[in-house]
Each structure stands twice: as structure tokens, then as C-alpha cells.
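1. Turn this into a structure:
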Amino acid sequence: MKTEKKLLIYKLLIFAFAFLVAFMPSTVSRSKEVNSRVIVEILGIDGGDTVSLTAQYVMPTETQGSTSKDTVTVEGKTLTEAVDALSTALGRRAELGHCSMVIVGKSTSPELLGTLMTATDVTADVYLSAAKDKASELVGDLTSFMKKTGATDADFIAYGAQKAHIATNTLLGFLSDLGSASESAYIPLVEMLEPEQDSSGGESGGGSGGGEEQSGGKDGAAQGGDKKPSSGMNVEKLVLYNRSGRAGILDRPSARGVAWVSAPIEKGVVTADVEYDGKTVENVSGRLIRKYAYVNVDAARSKATVKIKAFIQPNGDKFNELDAENNFAADRAVRRGFTEKIKSEIESAYNDSYAVNCDPLFIGRQFYRYEPDFFEELYAPQNVKVEFAVDVILK
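-> Just a heads-up that it's a prediction; the model follows:
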């Protein structure tokens, strides 16, 4: 055998051996590592004298390719101790890197959320939701709801972010907002609706809903108007935070006002009463196509102007009836109705937030960016006149 051929064979053998050494042990260990971990999908965090964590986690079942959801609650003196206790309670390492939603309890401080991002595997882009009281109770209710309906955390997040016209926030976004000159942040509030009993004694169908558009079932099919789902998840309010912690809760109109200014909302629905031809036509609706929002500040006049430009497509028979003569009078009336509704929601957001010492429209941040001298020397919310300008364009 020629020397060159022998060398080639030796090289191939060495490469094959190196491949086995490099990859076979890691493949085996990787399989063992996967089996030694539990994936946490939703994490609830409650503060106070101790830190309480409630995890919704998935475990493989005996059926090939299937998993089951369950919850567990642990406590620790610190967040790190609570995370360690979570792994101990599960008997496996709790994998927090795949967590898609963190639910914040009433007693949870912003500092604890900061520690959650810096000292655990929870990612900065995880979505935040707020419980009215204890996060542990909401995680348990959500898990039960998901088991019964087949809804997932992804369904809920997509609905909140795109359809509910309620501002969503991530962990990093929340901490960034709170650390800004406005010293304010918001988290959408999730509430569970109790199932209603029908006349036959059965429960009515579940659903998740929020904002101007409500839904029935996990796919978020619109029911329209102000009709609320009979059971399921309800997302129509915002929890406000300042440096001191939870400051207050905005109701539906004010929460929508924050979304108009501070969130990239999509597919929202606007419903307004329209004055036309001497009559009031109730609940004329339109679909938001896109919107632009910005805050102009004027230090010389101690003034801020919140401006909204919204492109809306009217829908439904009511608009067609108004526009039967096609004389543009209906267009003007509907534009005026939508404009007044949007403006009232933004004004409500500003007034209700001001009452609890919060600035979710981030007016203070605009002064800090563009009028730094005024911000350092004279700025205070009570020293600034705020005006609102809304321009609606019908498509």
C-alpha cells in the first residue's frame, strides 16, 4: 500500500474517532440534561416578608410527544432562595429561560422585578401581567382555564398585544420606563371571570377578552360592542407603578387612553356615539388600521401637546345607513364622534394617572429629552399645561 493511501486512511480513522469523542458523550449528557429539567411557562411572583414563586410548568407524560401542565408554589427569604426551592420542589432543575409570561402580585416591588431579570434565567423580553391581589391565585386559575379550554399562554399574549387595545409591557420595558425621567410604568391587569350558569344548570362557554373588542373562545373571535365574555380571562385595565411600587389601577377608558399614546396597538376597535341629523346614533364602530402618537413639549410656555393621528375604517350597517346619501355629512359626523371618544380616553388616562402620581404618557420624559434645562429647574406635572389634539382619518 502506498504511503499516501495509508496516510489518508489514518486521517479518516482519526477524524471518525475525534467525532465520536466530541459528540457522543455530549449527546448522551444532553439527553440526560433535558430529562433533568422542567420547563416553566408562566411564573407568578409575590413579595413581602418572603418571596413566593408560583410556577406553571410542563412535564412529559407517558403518551409519546405529549405534556401536562401543573403548578407549584414555593417560598424563600430571597428570590434566589425561592428559585432554588422551586427546583427542589420539582425534583428537577426549573428552566426559567423559556418562561413566556411573569405575573406580578400586588405586593411585588419593582426592585424584586429588577432582581428577577439580573439574577435568574428569565429573559428580558418576557411579557408581564399583573394580578389584582396574589399572583399565585391567578397562575392557578389560568392553568385551570387553559386545561379546560386548550388555550395557551401564546394565545393570551397575542390577544393582549394585538387585539385588546390594552398596552402590554415586557420586563425590560417595564424597568426601562420606571427608570426613565417619568419614573412610571404600567402592566396589564388580568382578571378571571366567573362562569355563568345557564337555565339547564350547565356553564356558559369560556373565552378571553379585553378592551373595546371582546372575544369568545381561545381564538379571540370578536363579539363586538361592550358585551363581555361570560367566563375566561379579562384584560381591560392597567396597573400603574412609580418608584414607590404599585400606585393604582386604571379602568377601561383610561387604560385605552394610555394605549393610544404609549403602545404600538394593532387591530383595535373604536366605538362611539355619533350625533347626526339631530339624532344620536349609538355604538358606531370602526377598525383601527394604524395610528401615530407623539408628545410635543414647549418649555417657553410650560406646555405639552399630546397628538394622535388615527386611521380608522368604519364598519357595520350603522355607518352604511348614515352614509346612504353619500354626501360626506355622515363622514364628518363619524369622524367627530371617533375624535371625541379617543380624546376623552386620553384625557381620562392623563387625569387618572396624575391623581396617583404617575406619568404613563411619558410627558416628563419628553421634557427631559428635549428641554433638559427646563426639566432640571422647573419641571413638575402641576407646572405644565397639557393639551390634547386628535386627528381621525376615515379609510
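2. what are the ranges of the helices in the stretch 101-250 of the chain?
-> For the stretch 101-250 of the chain, the helices identified by DSSP state H, counting those that start in this stretch occupy 110-119, 135-149, 153-162, 171-178, in order along the chain.
3. Could you list the alpha-carbon positions for the host helix or strand of residue 365 in PDB?
-> Under the criterion of DSSP states H and E, residue 365 resides in helix 363-370. Taking C-alpha atoms only, helix 363-370 is exported to PDB below (Å, rounded to 0.1, in the frame of the first residue of the first chain):
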ATOM      1  CA  ILE A 363     -44.600  63.700  29.200                       C
ATOM      2  CA  GLY A 364     -41.800  64.200  31.700                       C
ATOM      3  CA  ARG A 365     -39.500  62.000  29.700                       C
ATOM      4  CA  GLN A 366     -40.100  64.300  26.700                       C
ATOM      5  CA  PHE A 367     -39.100  67.400  28.600                       C
ATOM      6  CA  TYR A 368     -36.000  65.600  29.900                       C
ATOM      7  CA  ARG A 369     -35.000  64.700  26.300                       C
ATOM      8  CA  TYR A 370     -35.800  67.900  24.500                       C
END
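4. Quick check: which helices or strands does it pack against?
-> Other elements packing on helix 363-370 under the criterion 3 or more Cβ pairs under 8 Å, 6 or more residues apart in numbering; DSSP states H and E are strand 279-298, strand 303-315, helix 372-377. Heads up, the C-betas are built off the backbone N, CA and C, glycines and all.
5. returning to that earlier point: residue 298: which of the helices of the stretch 101-250 of the chain is closest?
-> Using Cβ to Cβ as the measure, helix 171-178 is the one of those that comes nearest residue 298, at 23.3 Å.
6. still on that earlier bit, how about the helices and strands packed on helix 363-370, which one is nearest residue 174?
-> Checked against Cβ to Cβ, the stretch from the helices and strands packed on helix 363-370 lying closest is strand 279-298, at 19.3 Å.
7. That closest one pairs with which strands?
-> Here strand 279-298 has these sheet partners by DSSP bridges: strand 269-276 (antiparallel), strand 303-315 (antiparallel).
8. From the chain's centroid, how far away is that strand?
-> Between the centre of strand 279-298 and the centre of its chain there are 21 Å (Cα atoms, centre = their mean, to the nearest Å).
9. Geometrically speaking, which residue is the centre of the chain?
-> In the chain, the C-alpha nearest the mean C-alpha coordinate belongs to residue 168, at 2.8 Å (Cα atoms, centre = their mean).
10. Now that it has come up, it's in contact with residue 126, right?
-> No - here residue 168 does not reach residue 126: they are 11.3 Å apart, not a contact under Cβ atoms under 8 Å.
11. I'd guess residue 265 is in a helix, am I close?
-> No - note on residue 265: no helix contains this position according to DSSP: H, G, I helix; E, B strand; the rest coil, which reports coil.
12. how many neighbours does it have?
-> Residue 265 sits with 22 neighbouring residues when counted by other Cβ atoms under 10 Å.
13. State the distance from it to residue 165.
-> Distance check for residue 265 against residue 165: by Cβ to Cβ, to the nearest Å, it reads 5 Å.
14. got any residues that touch both of the two?
-> Taking Cβ atoms under 8 Å, 6 or more residues apart in numbering as the contact rule, the neighbours common to residue 265 and residue 165 are 259, 288.
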